[in-house]
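*Asks:* Got a predicted structure here, sequence first:
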Amino acid sequence: MPPRAAKASSSSNPPSSFSSSSSSSSTQVKRKRNHVKPAETALLSQQPKGAFATKTAKGKARDASTRPAQKDALELIPESSVEGIQAPDDDDEEEEKSQGERNGGEEDGEEEEDQEEFPEIDTTQSDQEDEEENVDGGQDGDQDVEEEEEEEQDDDDDDDQDIMAELQDEEDGDEEGYNSSDIDNWDSEAEDERAEAFAARDDASDTSIEQELNRMVKRATEKPDESDRKTNLLGIDQRLAARAVADDKNPDGSSKGIFKRSEITGEMKRVYPEIEADYDSDSSTEDAPNRVGNVPMEWYDDLPHIGYDIDGRKIMRPAKGDELDRFLETVDGDGNAWYSAEDKLMGKDTKLTDEELDIIRRLQRAEIPDGEYDPYEPTIEWFTGKGMEMVTPLTGRPEPKRRFVPSKWEHKKIMKIVRAIRQGRIVPRAPNTSKPQFFNIWSDADQERADHPMHMPAPKLPLPGHAESYNPPAEYLFNEEETKEWKEAEPEDRKTNFLPAKYSALRLVPGYQNFVQERFERCLDLYLAPRMRRKRLDLTDPESLIPKLPSPRELRPFPTTTGLIYRHPSEVRVRCLSIDPKGNWLVTGAEDGKVRMWDLAIGRCTATWDINEGIAKSERGPVYGIEWCPNKNYSLFAATTSGRVTLVAPPQCSTTSVTATSTPSFIYATSAYQPAVDSNAAETATTGNKAPVKWTRPTESERKQGVAIHISLHNNSGTPKQISWHSKGDYFSTVCPEATGGSSSVLIHQVTKHRSQAPFKKASKGSSVQKIVFHPTKPHIFVATQRYVRVYDLTAQSLVKTLITGLKWISSIDVHPGGDNIIIGSYDKRLAWFDIDLSNRPYKTMRYHSKAIRSVSYHKSYPLFVSTSDDGTAQVFHGTVYNDFSKNPLIVPLKVLRGHEIRQALGVLDSKWHPNQPWLFTAGADGQVRLWTP
């Protein structure tokens with residue numbers, strides 16, 4: 001207690017009677033809650049003794065209700081409330097001693113020693129003084145004191161357990177309210193100066209001194225928080241619980257966005273803070289310049305560099321001294337050598353920081369490397385106590401596998417970026433490039449391009465000559481005749497576009513009147529000049545551009561004139577024709593559904609067959625296709641009509657048999673027929689698949705005419721419109737382009753076994769088969785759809801090749817007798833020649849017809865082929881195929897055959913070559929079949 005306060009207390013109050021243990025406990029608790037700072041003591045020491053006691057009593061009476069139960073008030077003083085607080089030192093104590101001596105104090109050495117130690121004020125005596133002075137002062141003071149005592153008594157009753165615990169701590173010598181060392185270390189210089197300055201004021205009165213004292217006490221006190229306790233989801237007090245995230249973070253730790261108005265759209269949008277890579281982030285390793293990765297650095301021992309940076313540039317090896325230089329550095333250096341370590345990644349010594357040195361020292365002493373870590377930190381029971389039980393139980397479930405397996409999605413993202421960098425679409429740290437406002441219209445770059453064979457520079461203006469000088473020589477000036485001639489000539493015929501003139505000085509030269517016109521013409525030269533260099537051919541003879549082809553006279557024989565005309569009754573349209581392998585008979589199929597056989601020697605029709613016999617009149621149709629069997633041992637042909645294929649063995653071709661059913665050809669076609677057993681039912685029973693067609697026996701009247709067998713197709717198979725025989729004569733195929741079932745559009749029939757099959761089980765959408773033809777020597781088949789030709793191997797049952805025709809709609813196809821070349825005709829008036837061994841694209845495409853091509857055909861023995869069209873013509877070509885693979889086929893147009901009339905926009909519908917002679921047969925829509933001969 002300060003000396004003056006002690007004297008004031010002794011003069012006005014009797015000795016204190018609070019000597020019992022209960023009174024002492026209550027007094028110590030009150031003293032711990034309310035105490036006066038040393039600065040207040042310094043202010044009070046400046047006043048007279050009597051006034052000091054009065055003021056103290058009154059001030060304590062007024063502030064009785066504001067005394068909080070708190071810790072040391074020194075810890076609660078805000079820095080802004082006290083100016084110039086400094087740590088105490090010996091000079092301050094001596095100055096305080098001298099100040100007490102100058103004031104003429106009556107204190108002895110012990111009192112001065114107590115004043116230097118800043119002893120705490122005994123609040124027990126102060127409270128007794130306040131009570132006695134308030135009794136003398138009136139009833140108001142008594143009421144305040146009583147209320148204060150009642151409140152304190154209530155607090156003591158409510159916190160009885162806390163008081164007993166605090167008393168136990170005080171008995172142990174550890175007070176929680178304040179520590180005397182805090183008082184000792186308190187620097188009261190600023191408060192003393194403020195108190196002295198206030199006491200020295202002229203207008204200082206008792207009231208003002210009391211107010212200043214209240215303000216000092218108020219700055220050092222804090223009212224306790226008496227609001228209800230708030231808990232988190234776990235039932236823990238929010239003031240005691242650790243904060244998971246800051247106020248600007250979401251519960252999951254992510255940053256909260258701020259709503260701002262977009263400068264582009266004007267709408268509100270959420271803006272998140274920028275992510276800055278610091279030491280704790282995943283990008284903390286980006287500061288390392290050397291990016292060689294986790295590889296042995298011994299690999300770089302023999303190289304001048306030690307690695308590569310992030311841009312792929314080499315990091316050169318730093319200079320390094322020998323062992324002697326290192327020793328001298330430790331002796332004569334600045335001392336950093338003792339605090340350095342070798343950085344193997346960068347190949348140089350790096351000075352260790354104080355934190356790293358501290359970690360090394362702790363590791364040497366077998367201590368925890370982190371100096372801030374407290375292994376003896378008291379345990380916080382987060383889940384102990386009422387209302388703090390753990391709601392969610394802990395689990396011992398093993399970690400999922402995905403936490404240990406690298407993410408494949410991150411791998412894909414990284415590889416996408418890597419590919420973009422390799423392709424040059426992403427350039428790391430690429431400098432910003434900006435094009436100039438004005439640039440050259442001739443090229444994008446202002447600098448000249450490198451010399452290139454295909455580069456053509458812009459035409460340059462001719463350099464000015466002597467005639468364009470402002471003072472040209474006299475020989476460059478025009479006389480009157482030359483001037484008159486220049487003016488009368490046309491602008492394009494003039495030698496120069498200006499008249500030379502002479503001036504004595506450059507300042508006398510007038511403006512050039514043709515300047516704008518010349519600039520405009522220059523812009524036209526740059527704008528309209530060619531951008532590509534083309535070699536110009538200096539041709540004196542245009543005929544030299546035509547390829548050297550042999551003369552048609554050298555390629556004879558080939559058909560040129562009409563030798564014979566086979567007229568059909570009523571000029572019925574002839575759709576198809578065929579020649580027997582021996583070259584003696586001709587069969588034609590007409591629109592009326594009848595097949596006629598002609599004798600080539602005399603040109604007479606010898607037989608007629610009605611293919612639609614036995615079919616209802618509403619279902620009758622024309623003869624769509626007809627073809628002789630290529631086997632010369634048998635005279636047999638097949639014809640197609642609506643839903644039926646008919647095999648006919650003409651008895652006129654046999655010279656030994658008496659009846660039509662006894663000819664070898666008829667027996668060959670009917671030998672496999674079994675009347676007692678239905679072949680289709682047997683096949684269905686054995687294979688389980690329904691037969692695509694039905695082989696039936698014709699009537700007796702038809703058999704007498706040579707009709708051997710009928711092959712009826714199902715309703716979904718459509719109408720067969722093309723027949724193609726195999727070279728051996730046992731198999732033939734039919735094509736139904738309009739078949740609704742994809743597998744039944746192509747059927748292969750075997751004559752000797754009376755069996756039919758569909759080689760293609762499925763047909764892709766839009767791949768309607770138009771034509772089909774067998775390879776002459778290999779087990780291959782050519783299937784022509786609308787735009788493509790596919791080659792299949794029947795033995796291996798696989799696709800060999802696909803030919804890309806480039807045609808819109810294929811109409812006909814034929815194979816060369818050698819089997820390596822084919823010709824294809826289309827409805828878009830083009831003829832394509834394919835060399836199968838050369839390419840899958842056309843070797844040559846010809847367009848000589850003005851309308852759709854209907855048929856194409858190779859000659860079996862002569863290098864000739866033909867194409868017929870709806871324009872009423874037949875184009876005859878010479879096509880030589882060489883055995884030497886280094887030579888391409890020779891194709892020469894020979895003759896255009898005209899003779900058929902166009903009926904209903906249809907011209908020549910079919911054409912066939914004679915097997916032995918260079919004769920051509922053509923069938924037209926005018927009801928005629930013409931024989932063309934050389």
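*Replies:* Great, that's in hand. Numbering: from 1, shown residues only.

*Asks:* isn't residue 634 right up against residue 729?
*Replies:* Yes. Using Cβ atoms under 8 Å as the test, residue 634 is close enough to residue 729 to be in contact (6.8 Å). Backbone N, C-alpha and C define where each C-beta goes, glycine included.

*Asks:* more crowded one of these two?
*Replies:* Each of residue 634 and residue 729 has its neighbours counted (other Cβ atoms under 10 Å); residue 634 has more, 22 against 19.

*Asks:* ok, how many other residues are close to the residue nearest to the more buried one when sequence neighbours are not counted?
*Replies:* Of all residues not flanking residue 634 in the chain, residue 665 sits nearest, at 4.3 Å (Cβ to Cβ, 6 or more residues apart in numbering). The local packing of residue 665 (other Cβ under 10 Å) involves 25 other residues.

*Asks:* tell me the contacts of residue 665?
*Replies:* 634, 635, 636, 649, 650, 653, 654, 708 (Cβ atoms under 8 Å, 6 or more residues apart in numbering).

*Asks:* would it count as being in a helix?
*Replies:* Yes. Counting by DSSP: H, G, I helix; E, B strand; the rest coil, residue 665 is located in a helix.

*Asks:* buried ones in stretch 325-332?
*Replies:* Using 16 or more other Cβ atoms under 10 Å as the test for burial, stretch 325-332 gives residue 329.

*Asks:* Extract the CA atoms of it and return them as CSV.
*Replies:* This file holds the C-alpha atoms of stretch 325-332, laid out as CSV (Å, rounded to 0.1, in the frame of the first residue of the first chain):
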residue,chain,number,x,y,z
ASP,A,325,39.8,-23.2,-51.7
ARG,A,326,37.2,-24.7,-49.4
PHE,A,327,39.7,-24.8,-46.5
LEU,A,328,40.8,-21.2,-47.1
GLU,A,329,37.1,-20.2,-47.1
THR,A,330,36.6,-21.7,-43.7
VAL,A,331,39.8,-19.9,-42.3
ASP,A,332,39.9,-16.5,-44.1
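
*Asks:* And residue 149, what's its pLDDT?
*Replies:* What the model reports as pLDDT for residue 149 is 53.

*Asks:* Likewise for residue 218?
*Replies:* pLDDT, residue 218: 72.

*Asks:* Regarding it, what is its secondary structure?
*Replies:* Under three-state DSSP, residue 218 falls in the helix class.

*Asks:* so how many other residues sit close to it?
*Replies:* With other Cβ under 10 Å as criterion, residue 218 counts 12.

*Asks:* Next, find the distance separating it from residue 582.
*Replies:* Going from residue 218 to residue 582 by Cβ to Cβ, to the nearest Å gives 137 Å.

*Asks:* do the same with residue 418
*Replies:* Counting by Cβ to Cβ - residue 418 and residue 582 are separated by 73 Å.

*Asks:* What of residue 588?
*Replies:* 17 Å.

*Asks:* Settle it for me: which of those two has more neighbours?
*Replies:* residue 588 (24 against 12).

*Asks:* so where do the helices sit in the stretch 401-550 of the chain?
*Replies:* 408-423, 480-488, 515-528 (DSSP state H, counting those that start in this stretch).

*Asks:* Could you export the ones you listed as TSV, including mean pLDDT?
*Replies:* Listed next are these as TSV, based on pLDDT from 0 to 100:
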stretch	mean pLDDT
helix 408-423	90
helix 480-488	92
helix 515-528	86
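
*Asks:* Out of those helices, the one nearest residue 609 is which?
*Replies:* helix 408-423 (70.9 Å; Cβ to Cβ).

*Asks:* what distance separates the start and the end of stretch 885-905?
*Replies:* 42 Å (Cα to Cα, to the nearest Å).

*Asks:* Give me the buried positions along it.
*Replies:* 889, 891, 892, 894, 895, 897, 899, 900.

*Asks:* how about a markdown table for those, with secondary structure and distance to residue 475 added?
*Replies:* Converted to a markdown table, those look like this (DSSP: H, G, I helix; E, B strand; the rest coil; distance: Cβ to Cβ, whole Å):
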| residue | secondary structure | distance to residue 475 |
| --- | --- | --- |
| 889 | coil | 70 |
| 891 | strand | 67 |
| 892 | strand | 66 |
| 894 | strand | 70 |
| 895 | strand | 71 |
| 897 | strand | 76 |
| 899 | coil | 79 |
| 900 | coil | 80 |
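
*Asks:* what's the closest of those residues to residue 341?
*Replies:* residue 889 (81.9 Å).

*Asks:* what's the spacing between the closest one and residue 476?
*Replies:* Taken as Cβ to Cβ, the span from residue 889 to residue 476 is 67 Å.

*Asks:* For the stretch 151-300 of the chain, which residues score under the pLDDT cut-off?
*Replies:* Applying pLDDT under 70 to the stretch 151-300 of the chain flags the ranges 151-191, 199, 201-204, 206, 219-227, 229, 232-235, 239-247, 251-254, 275-287.

*Asks:* Please repeat the previous calculation with a cut-off of 50.
*Replies:* Residue ranges of the stretch 151-300 of the chain with pLDDT under 50: 158-159, 161, 163, 165-185, 279-285.

*Asks:* try the chain
*Replies:* 1-145, 158-159, 161, 163, 165-185, 279-285, 676-679, 682, 685-687.

*Asks:* and the end-to-end length of stretch 909-922?
*Replies:* 8 Å.

*Asks:* Just the buried positions in that stretch, please.
*Replies:* Neighbour-count burial for stretch 909-922 [16+ other Cβ under 10 Å]: 909-915, 917-922.

*Asks:* So which of those sit within strands?
*Replies:* Judged by DSSP state E, the buried residues of stretch 909-922 include 909, 910, 911, 912, 913, 920, 921, 922 as members of strands.
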